[in-house]
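> whatever this is, show me its structure:
(one chain, ligands or ions: 3)
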Amino acid sequence: MAAETDTIFALSSGTLPAGIAVIRLSGPKAFEAAELLAGQIFSGAKASLRTLRRSDGSVLDKGLVLGFRAPKSFTGEDCVEFHLHGSKAVVSAVFNELATLTSLRLAEAGEFSRRAFDNGKIDLVEVEGLADLIAAETEMQRRLAVEHSFGGQSALYMAWAERLTRARALIEAELDFSDEEDVPGSVSDRVWMDVGAVYAELLQHIQGAQGGEIIRDGFKVVISGPPNAGKSSLLNALAKRDVAIVTELAGTTRDVIHVDLDLDGYLVRFFDTAGIRESDDLVEQEGIRRAKRAAFEADLVLLLEEIDSDPKYTPEQPQGTMLFIGTKLDRHTVSNRYDVCLSIKTGEGLDALRTAILKQVTSTWSGSLVPNRARQLQYLKEASNFVAEALDGGQLDLRAESLRIAATSLGRITGRVDVEQLLDIIFSQFCIGK
Ligand SMILES: Nc1nc2c(ncn2[C@@H]2O[C@H](COP(=O)(O)OP(=O)(O)OP(=O)(O)O)[C@@H](O)[C@H]2O)c(=O)[nH]1
Ligand SMILES: [K+]
Ligand SMILES: [Mg+2]
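Numbers count the residues shown, from 1 in each chain. Ligands and ions are numbered 1, 2, ... in the order given. Now for the predicted structure:
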């Protein structure tokens, strides 16, 4: 079991050079090892300024040292942090010194979080949330990750698992004591009503998954339309830089060109595509094929056309929403054939377009808790299927078994809820049989 008791260390801060580098140690030898370099270390998150030295007495660096005794640390083990000057040379010199000590080694990817999970400090949803929080680039990604990483989501799943288990306990009690007079038979009506309520909440939560995905992976907006409608000009205007080639030649854009933007805290991914028309040019044909596919897969299609031009093609109905955009407003007057009219030349209508896009994005996530991993969604669907089965009727013992499986599926999402333990707690609360 040596691997489990290794003391691990790693650079916990970002790319070097930086103002400060944080080196973290975790494991039974964390304090002992750190004290060899830095002298006595206090625990209780009290920081001290120390000179770090090699075993031969030569100075490595000077910095803050913090000690956290188990279990009051991120990993639940003894932990020490060095806050040093953020240079590659300092970090590698300290690493080399640490590596000379027995039972100390560099941590593997995710090993600190793994230990935190093993020691019950965080559950799986929180681990996933932390990864998202660290990767968050937009305000909404941060907000969503905060919900996941600080236990809000886990509490929700725990509460559902508990309600299902309580229902099952009551049903099993009814089965066991059905020939005794003092068990009220009408209990089951209330029980099934609450199971029905959990079912409705589960379904609503599952429906929110798409919103979670859009916050995490971005809202896909595809700019589509006939050649020379001004698609690439619009992409450049939104990006505020020259991303795509613009010329007066129809058929300029061939490849799908993509820019990520942060609109009011939401990640919105814009795709400029080839103008759609009949073409004999092989390269253009391929571009048009890609353009159509992109539009089909988009969350939102902006269908551009110069105002009052003859409709050149009828697009296939995309999976997402479609907005009709009239372009080159500087040459035409506003027409109510379009959702938005705009001119890249004057900038008129661009704000209205941004507002219209944001309206679509914000409708995808209400700010409530949503599953944001395929893994979470899979267990949620499994749970809801078994709850549906239990609600469907049939033999009581089979219905109780469906509830047990549903609660277990919910428990697997956090990797924490032990349904049988829940059952003990619940049973100890009622006194059938006295
Ligand atoms: N007057 C005017 N001209 C515009 C406007 N927007 C774009 N144009 C011009 O229209 C022409 C075509 O613009 P692009 O952005 O290349 O059009 P596109 O839809 O990307 O064209 P393809 O890539 O060929 O499909 C260029 O000459 C642009 O300068 C506008 O708002 N007003
Ligand atoms: K063009
Ligand atoms: Mg173009």
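
> from here on, contacts and neighbour counts on C-alpha atoms
Fine.

> for ligand 2, what's its nearest residue on the stretch 251-400 of the chain.
Proximity of the stretch 251-400 of the chain to ligand 2 (CA to the ion) peaks at residue 252, 4.6 Å away.

> any stretches of the stretch 301-434 of the chain with poor pLDDT?
Flagging of the stretch 301-434 of the chain using pLDDT under 70 yields the residue ranges 312-313, 417, 419-434.

> contact residues of it facing ligand 3?
Contact residues (CA under 5 Å from the ion) of the stretch 301-434 of the chain with ligand 3: there are none.

> still on that earlier bit, give me the three-state assignment for the residue of the stretch 251-400 of the chain closest to ligand 2.
For residue 252, the assignment made with DSSP: H, G, I helix; E, B strand; the rest coil gives coil.

> test my guess that it contacts residue 274.
Yes. Residue 252 is within contact range of residue 274, at 7.4 Å (criterion: CA atoms under 8 Å).

> mutual contacts of the two, please.
Common neighbours of residue 252 and residue 274, using CA atoms under 8 Å, 6 or more residues apart in numbering, are residue 227.

> how long is stretch 78-97 end to end?
19 Å (CA to CA, to the nearest Å).

> what of stretch 129-141?
Start-to-end span of stretch 129-141 (CA to CA) is 10 Å.

> which residues touch that stretch?
Looking at what lies outside stretch 129-141 - CA under 8 Å, 6+ apart - the contacts are 142, 145-150, 215-216, 262, 265-267.

> rerun that using 10 Å as the cut-off
With CA atoms under 10 Å, 6 or more residues apart in numbering as the test, stretch 129-141 has contacts from 110, 113, 122-127, 142-151, 153, 212, 214-218, 261-268, 365, 367, 372-373.

> show me the helices in the stretch 301-434 of the chain, by range?
Counting by DSSP state H, counting those that start in this stretch, the stretch 301-434 of the chain has helices at residues 350-362, 374-391, 396-414, 419-429.

> other SSEs contacting the second one?
Other elements packing on helix 374-391 under the criterion 3 or more CA pairs under 10 Å, 6 or more residues apart in numbering; DSSP states H and E are helix 124-135, helix 152-176, helix 187-207, helix 209-217, helix 396-414.

> near ligand 1, which residues of the stretch 251-400 of the chain?
By the rule CA under 6 Å from any ligand atom, the part of the stretch 251-400 of the chain lying against ligand 1 is 251-253, 274-275, 327-328, 330, 343-345.

> so which of the helices of the stretch 301-434 of the chain is nearest residue 239?
helix 350-362 (11.8 Å; CA to CA).

> domain map for the protein?
Domain ranges of the chain: 2-118, 152-208+373-429, 218-362, per automatic domain parsing.

> including mean neighbour count, could the ones you listed go into TSV?
Output for the domains of the chain, formatted as TSV (neighbours: other CA atoms under 10 Å):
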stretch	mean neighbour count
domain 2-118	18
domain 152-208+373-429	17
domain 218-362	18
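
> can you pull out the strands in the stretch 201-350 of the chain?
219-224, 257-263, 266-272, 300-306, 321-327, 340-341 (DSSP state E, counting those that start in this stretch).
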